[in-house]
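J.: Using only what follows, build the 3D model:
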Amino acid sequence: MKKLKSEILAINKKTEEISEFILWVSEDLGFINWQFLTINIPQEKIIERNWEKIIKNIFIKRAYSIVEIIDQKIVLWIKNISWKWTTYLFSREIWDKLDISWSFWNFFVKWEQDNLCFMATWIWIPPIISHLKFIFEQNKNLFKNKKIFLAYWIRKKTDFFCEEILNNFSKENKNFSYKIFFSREDEKISEENENFEKWYCTKIFENKNLDFQNTEFYFCGSLLLMKEIWEKLKEKLVEKDRFVFEAY
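T.: Below you'll find the predicted structure:
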């Protein structure tokens, strides 16, 4: 991994739990969609040896998917989950420095099928958004004949922080549509917006209009949900190489 120095340019609150961090890095990076970086977070480790306490400075490494990179500015969406690394990050201020490591590991979308179905849960949406930006902001003409769909599962309406981005993509591109699934809203949520629906993103597999045999599926979220989605795809006779995932 390549080590880089960075500074925090902005911290923008997106929801009660999620903030957007914009970092400046010291050099241009060749960004490929769905890549991530690793933030090296300093910690003190106490070692007891022969009745003596030794304090050793160490780093905790935490990976975050990148939303986009523009002119040496990296955009990250980070959820504050009150763990060591988020406690550290959310205590930082503008112009504070961060040590980061740059990784070239990423998921590649094959773009071979007529349809693309992206699925994500909550804070695992950044790599999906990075792909949609790649399609609609940089290579629109290449994908105009493909149908592209996003299923995004969150808890409540107050957790939905990328509505403007998705609305713009939907208005400007007839081949894109999306559904936001709310697990903790009531059934009336669908009356507010045709893109809103109660339940989980796995509900899309009940859609009889989805052409499973001509679709690539991409998922980012929890390991348990990934396994559930894969079981449903197998029932639809979807081949394994048409399901790409990043699961935790």
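J.: Okay, domains of the chain per the record?
T.: For the chain, the structural domains run 2-102, 115-247, going by automatic domain parsing.
J.: starting at the chain centroid, how far to the longest one?
T.: Averaged C-alpha coordinates place domain 115-247 at 12 Å from its chain's average position (Cα atoms, centre = their mean, to the nearest Å).
J.: next one: the first one
T.: Taking the mean of its C-alpha atoms, domain 2-102 sits 16 Å from the chain's own mean (Cα atoms, centre = their mean).
J.: Between the two ends of it, how far is it?
T.: Its start and end residues considered, domain 2-102 measures 5 Å (Cα to Cα, to the nearest Å).
J.: repeat for stretch 72-90
T.: Per Cα to Cα, stretch 72-90 runs 22 Å from first to last residue.
J.: Now that stretch: average pLDDT?
T.: What stretch 72-90 shows for mean pLDDT is 90.
J.: again with stretch 41-58
T.: Rounded mean pLDDT across stretch 41-58 is 72.
J.: Check which element follows whichever helix in the chain runs longest along the chain.
T.: If you go by DSSP state H, the chain has its longest helix at helix 223-235. Following helix 223-235 in sequence order, the next helix or strand is strand 243-247 (DSSP states H and E).
J.: Enumerate every residue touching the residue nearest to residue 225 when sequence neighbours are not counted.
T.: Nearest residue to residue 225 in three dimensions, chain neighbours excluded: residue 121, at 6.3 Å (Cβ to Cβ, 6 or more residues apart in numbering). (Glycine included, C-beta is placed from N, CA and C.) Residue 121 makes contact with 152, 153, 154, 201, 220, 221, 222, 225, according to Cβ atoms under 8 Å, 6 or more residues apart in numbering.
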